[in-house]
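Engineer: no sequence for this one, just the structure:
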């Protein structure tokens, strides 16, 4: 009966309840989207392998390392494989068409990244064509590229127009894998650079190192850096996760601001729901007094107030969560290059529910105390 | 009637309300008995303390001092929880403004007090139907209070008051919000509950016509009980 009363009470004032639910829906939607943005920000960290290390110039990422380091790295104990590459930074038609593009040693690089799934025939075609490239499914779809198409990138770090032939489209092993990257052969870059800018030849931007056991990553990283100590180009080796986190830390203020806004939204909606509950409780004081007169106790009254707050907030939460998926999809489609991985995580949905429960609980505390504490005679007098 | 033992025994009852720093005395040293199966009417001008006295007898307010013994239970000594449980099975309430729960149907309103009784759903429904039948509202079971007239709502309230089969019914101005015809029907019903079902009825009223229906009439004025029917010695 208590359940029946609270369900009917919740929708007694349909306009007020509807507007409150709408507010909660929008708040949960905004909260869910902002949390998804934060998660998307960290997507590269989440998808990073614990069994991969990144070695770069100890001074800065913009300084290269000699290609000759690869043999020395390969000999270090615990190293399973070595690959290398350069950030190419090419522009496709215009700057707004941004996507990450790298020159890599294709065979060794793809060996280290089993999460990039490339059909066997496409892999073979890519490895057999020095001007070939592979791209992720999302950018291929965005620009309508098909295997065999010629794509021209305008070099910024390496000036000139660079023609590539599409040889394959990779897809991620799961939803956390970035499908917006563009890879071509490092040899193609190096040969051209040797011809045009000989002093920049045989230089790599980074080494990717596969370790035999992830728990040896720290030892291997130390061994790599030790091997090049006091050399002309000292190295800094760290896990792929730490390397990616280094990039994100540059934007930590933005991430913090987004997180703060998401929390503020919850506090605002808490105030809105608390106001609604205060108004409904004031209206229902007579009903609560009648229930107390009939022998119902404080726990029944608390169940009515908290239950009503829960019905309202969880309805708004459910709607907000349901809307998060299509809105997130539309959001991701509108900026595929900025957020290559934009998935609503189960943890975000759990946070949505936790936020709704927190709002209901906090909003119900004072009205419940008021409802329980009112003297029956005073409550009945209000009816008259 | 005078042969019946007292079901309510009130001794030296005092009550004062506090409005901020001002103390407003409402009841002064009230002592009297109400006999079993009695139909008592309490009359008096506004502010005389009659509703307060009714609330104290029904256990929905607390006295400052004095004793209220109802059917052998000293209710001034009960805790809030004990008092709530006692009210649930010992007293039926009829209010001036009916005080039905607006989101429940007539049947659900009458069934409401039985949720604390431990009866099964089927038994609760049966009892509630029976009581609504008793007040001639078996054709309005699924109507909400807003769909009923004032007289019908008061009859639902009476059905709710008797559904737990309490020995005492308290009624605060039960006809105060009704037209003359409906008021007459309600008073007929209360007379029947008193006469045929043996309920002790304690009614506060302003209406002399309503008061005439009661077997015993008492007056309160400025918190002092009139001497029209002096209590037995303790």
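Structural biologist: Nice, I can see it. Worth saying up front: this structure is predicted, and the values here are computed from it rather than measured. Residues are numbered from 1 along each chain as shown, chains lettered A, B, ... in the order given.
Engineer: going forward, measure contacts between C-alpha atoms and count neighbours the same way
Structural biologist: Noted.
Engineer: tell me the residues of the stretch 51-200 of chain A that contact chain B?
Structural biologist: For the stretch 51-200 of chain A, no residue is in contact with chain B (C-alpha under 8 Å from any C-alpha of the partner chain).
Engineer: can you pull out the strands in the stretch 51-200 of chain A?
Structural biologist: Listed in chain order, the strands found in the stretch 51-200 of chain A under DSSP state E, counting those that start in this stretch are A:52-57, A:65-66, A:79-87, A:101-104, A:116-117, A:132-136, A:150-155, A:160-172, A:182-185.
Engineer: including mean pLDDT, could the ones you listed go into JSON lines?
Structural biologist: Output for the strands of the stretch 51-200 of chain A, formatted as JSON lines (pLDDT from 0 to 100):
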{"stretch": "strand A:52-57", "mean pLDDT": "94"}
{"stretch": "strand A:65-66", "mean pLDDT": "95"}
{"stretch": "strand A:79-87", "mean pLDDT": "95"}
{"stretch": "strand A:101-104", "mean pLDDT": "95"}
{"stretch": "strand A:116-117", "mean pLDDT": "94"}
{"stretch": "strand A:132-136", "mean pLDDT": "96"}
{"stretch": "strand A:150-155", "mean pLDDT": "94"}
{"stretch": "strand A:160-172", "mean pLDDT": "94"}
{"stretch": "strand A:182-185", "mean pLDDT": "96"}
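Engineer: would a markdown table of those with mean neighbour count be doable?
Structural biologist: As requested, those are arranged in a markdown table below (neighbours: other C-alpha atoms under 10 Å in any protein chain shown):
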| stretch | mean neighbour count |
| --- | --- |
| strand A:52-57 | 24 |
| strand A:65-66 | 20 |
| strand A:79-87 | 21 |
| strand A:101-104 | 23 |
| strand A:116-117 | 18 |
| strand A:132-136 | 26 |
| strand A:150-155 | 16 |
| strand A:160-172 | 20 |
| strand A:182-185 | 24 |
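Engineer: reformat those strands as CSV; add distance to residue B:213.
Structural biologist: Output for those, formatted as CSV (distance: least, C-alpha to C-alpha, whole Å):
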stretch, distance to residue B:213
strand A:52-57, 95
strand A:65-66, 108
strand A:79-87, 100
strand A:101-104, 97
strand A:116-117, 92
strand A:132-136, 92
strand A:150-155, 102
strand A:160-172, 88
strand A:182-185, 96
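Engineer: pLDDT value on the residue in the stretch 101-250 of chain A positioned nearest to chain B, please?
Structural biologist: When distances are taken as C-alpha to the nearest C-alpha, the stretch 101-250 of chain A approaches chain B most closely through residue A:175, which lies 48.1 Å from it. Confidence at residue A:175, expressed as pLDDT, is 81.
Engineer: and it, how far from residue A:332?
Structural biologist: From residue A:175 across to residue A:332, the span is 13 Å (C-alpha to C-alpha, to the nearest Å).
Engineer: more neighbours: those two, which one.
Structural biologist: Neighbours were tallied for residue A:175 and for residue A:332 using other C-alpha atoms under 10 Å in any protein chain shown; the higher tally belongs to residue A:332 (19 against 12).
Engineer: residue A:344 is in contact with that one, correct?
Structural biologist: No. Counting by C-alpha atoms under 8 Å, residue A:332 sits too far from residue A:344 to count as a contact (10.6 Å).
Engineer: follow-up on the earlier one: wait, which of the strands of the stretch 51-200 of chain A is closest to residue B:31?
Structural biologist: Distances from residue B:31 to each of the strands of the stretch 51-200 of chain A were compared using C-alpha to C-alpha; the shortest belongs to strand A:160-172, at 87.9 Å.
Engineer: partners of the closest one, with directions?
Structural biologist: strand A:116-117 (antiparallel), strand A:132-136 (parallel), strand A:150-155 (antiparallel) (DSSP bridges).
Engineer: out of the ones you listed, which is closest to residue A:222?
Structural biologist: strand A:116-117 (28.1 Å).
Engineer: so what touches the closest one?
Structural biologist: Under the contact criterion C-alpha atoms under 8 Å, 6 or more residues apart in numbering or on different chains, strand A:116-117 has outside partners A:110, A:170-173, A:177.
Engineer: hmm, 6 Å instead?
Structural biologist: Strand A:116-117 has contacts (C-alpha atoms under 6 Å, 6 or more residues apart in numbering or on different chains) with A:170-172.
Engineer: mind checking the SS state of the spatially most central residue of chain B?
Structural biologist: Chain B has residue B:170 as the residue nearest its centroid, 0.9 Å off, counting by C-alpha atoms, centre = their mean. Look at residue B:170: counting by DSSP: H, G, I helix; E, B strand; the rest coil, its state is strand.
Engineer: report the contact partners of it.
Structural biologist: Under the criterion of C-alpha under 6 Å, 6+ apart, the contact list for residue B:170 reads B:93, B:201-203.
Engineer: mind doing that once more with 7 Å?
Structural biologist: Under the criterion of C-alpha atoms under 7 Å, 6 or more residues apart in numbering or on different chains, the contact list for residue B:170 reads B:58, B:92-94, B:201-203.
Engineer: okay, strands next: where are they in chain B?
Structural biologist: For chain B, strands defined by DSSP state E occupy the ranges B:6-19, B:22-35, B:39-43, B:65-70, B:73-74, B:91-94, B:168-172, B:200-204, B:216-221, B:224-225.
Engineer: between those strands, which one is closest to residue A:310.
Structural biologist: Of all these, the one in closest proximity to residue A:310, counting by C-alpha to C-alpha, is strand B:91-94 (31.4 Å).
Engineer: so what secondary structure elements neighbour that closest one?
Structural biologist: Here strand B:91-94 touches helix B:150-162, strand B:168-172, going by 3 or more C-alpha pairs under 7 Å, 6 or more residues apart in numbering or on different chains; DSSP states H and E.
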